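after the sequence you'll find the predicted model.
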Amino acid sequence: MVVPAKTSSWPRPWIAAYRAMHAPFAVFGTARHYRAPLEAGEITVVCVGREARFRRLRSRLFAGRERLESTTARQPLWTPDRAWSDGAALVAVEVHPLFARRFRADGWLICPEFVRWRGWLSEMPPANPGRSVKLDLTRPRRRGYTLEQADGSKRDWDEFRREMLIPYAAMRFEQRVTLPVPLLLRVLEKSGTLLFLRKGSQRVAGQAVLRNSDQLWLAALGVKDGDLALLREGVLAGIYALTLEWARAQGAREIDAGRSPAFARDGLAQYKRKWGMRPTREPFSHLVALRVDRSVAALRNAIEREPFWLQPDGSDELEIYPA
C-alpha cells in the first residue's frame, strides 16, 4: 500500500485500505508487565499489544535491562483501561488510528513508531547551516565526487541492487536487515530515476528517486559493498548534496527523505534534520498510546534524555515531548 500511495495523486484510499488491513491486529493484545531499573530504583512498565511494537521504546529508555514479570492475554486495545496504570509508572498500548482519538481524549500521549522527513528545496540546506552541514557541502569538491544520472538499463539497476543497496542495508541493520519491497523496486526501475555518485571512474554510491508532481522521493540508497571506509570518507554527504542540486535543476520543490524512528536523538533523525528537513506524520506508522507518571523523577529524566515526537491531533504536525 505504501508504494501506490507514494505514487498516486490521491493517496487517501490506499492509506484507508492499509489501516483496514491492520485493524484485526489492533482489537486485542497481550499485556506484558516489566520491571525496569533506573538510577533511583526499579519501576513497573506495562506494554499492551504486540511485543515488537515496544522494542525500540524499551531499548531507548531502559537499554534492554528490563525484565518480564508476567503476561495477561486478550486485553482490549480499543479503549483505555485504567487498571493498566495501577502501580505502573509507564503504560504503552498499541493503538489503531481509529481508536487514537479515544485515548487522546483520556489524556494519553499518542506516539508514532516512525516519522516522515520532508523539506522544501528552497530551505535546504538551512540559511544558517551548522558546521557539520557546511563541511558536508564541501565534500563533493574536496573528494572529487560527481553525480551521474544513469540511463536506467537493467544492468544499472542490477548493479545498484546487488552491489550497493543490499550490502549497505546488511551493514546498517545486520540481522534486522530491511530491504525495499519487491514492488517498490519494480516501480523504481519502471518509473524512477537512478543516480550514481562517482569518484573518478568508480561508482561509489547510488540513490533511486521517484518524482510525483513537484515532490521528489528519495526512495532507496546504497553504498558500494557497504564499505565503511567510503562512509567515513563522506559518500552519504556527497550524494545528499549533489542530489539536492540535481533536484533543483529538475524543477522539484519538495524532498521526501523517507522515515526515521520517532525519537529526536536517533542518528538518522538528526542527520535529516541538519539538512533542513522537518518531521511530519507518517500515515503508515503504527501508533503507541502512552501514559506517563510524571511524578516518578527517574522516569521523567529517562524521557528527557530520549525525547520523542507526538501526534497531538489528526494533522500532519508533530510535537516534541517533553517540550
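Nice, thanks for sending it over. This is a predicted model, so every value here is computed, not measured.

wasn't Asp256 part of a strand?
Yes - counting by DSSP: H, G, I helix; E, B strand; the rest coil, Asp256 falls inside a strand.

how about it, what does it touch?
Going by Cβ atoms under 8 Å, 6 or more residues apart in numbering, Asp256 touches 6, 116-118, 215-218. Where you see a C-beta, it was placed from the backbone N, CA and C, and this is true even at glycine.

sort out for me which of these are in strands.
Using DSSP state E to define strands, the subset of these located there is 116-118, 215-218.

as a markdown table, those residues with distance to Ala83, neighbour count and pLDDT would be great.
Shown next, in a markdown table, are the ones in strands among the contacts of Asp256 (distance: Cβ to Cβ, whole Å; neighbours: other Cβ atoms under 10 Å; pLDDT from 0 to 100):
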| residue | distance to Ala83 | neighbour count | pLDDT |
| --- | --- | --- | --- |
| Arg116 | 35 | 22 | 96 |
| Trp117 | 38 | 22 | 97 |
| Arg118 | 40 | 18 | 96 |
| Gln215 | 45 | 16 | 94 |
| Leu216 | 49 | 25 | 96 |
| Trp217 | 44 | 21 | 95 |
| Leu218 | 45 | 21 | 96 |
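
could I get these as JSON lines with distance to Leu183?
JSON lines is the format used below for the ones in strands among the contacts of Asp256 (distance: Cβ to Cβ, whole Å):
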{"residue": "Arg116", "distance to Leu183": "19"}
{"residue": "Trp117", "distance to Leu183": "22"}
{"residue": "Arg118", "distance to Leu183": "22"}
{"residue": "Gln215", "distance to Leu183": "20"}
{"residue": "Leu216", "distance to Leu183": "20"}
{"residue": "Trp217", "distance to Leu183": "14"}
{"residue": "Leu218", "distance to Leu183": "18"}
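
widest-spaced pair of those residues?
Largest separation among the ones in strands among the contacts of Asp256 by Cβ to Cβ: Arg116 and Leu216, giving 13.8 Å.

point me to the helix or strand that includes the residue positioned nearest the centre of the chain.
Geometric centre of the chain, nearest residue: Ser260, 1.9 Å, by Cα atoms, centre = their mean. Using DSSP states H and E, Ser260 sits within strand 254-261.

past that strand, which element shows up next along the chain?
Downstream of strand 254-261, the next assigned helix or strand under DSSP H and E is helix 267-274.

buried ones in that next one?
Residues 269, 271-274 are the ones in helix 267-274 that count as buried (16 or more other Cβ atoms under 10 Å).

please apply the same query to stretch 221-228.
221-224, 226-227.

which stretches in the stretch 151-300 of the chain count as strands?
Assigned by DSSP state E, counting those that start in this stretch, the stretch 151-300 of the chain shows strands spanning 193-199, 202-212, 215-223, 254-261, 278-281, 287-292.

with distance to Arg300 added, can I get these in JSON lines?
As requested, the strands of the stretch 151-300 of the chain are arranged in JSON lines below (distance: least, Cβ to Cβ, whole Å):
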{"stretch": "strand 193-199", "distance to Arg300": "44"}
{"stretch": "strand 202-212", "distance to Arg300": "41"}
{"stretch": "strand 215-223", "distance to Arg300": "36"}
{"stretch": "strand 254-261", "distance to Arg300": "21"}
{"stretch": "strand 278-281", "distance to Arg300": "23"}
{"stretch": "strand 287-292", "distance to Arg300": "8"}
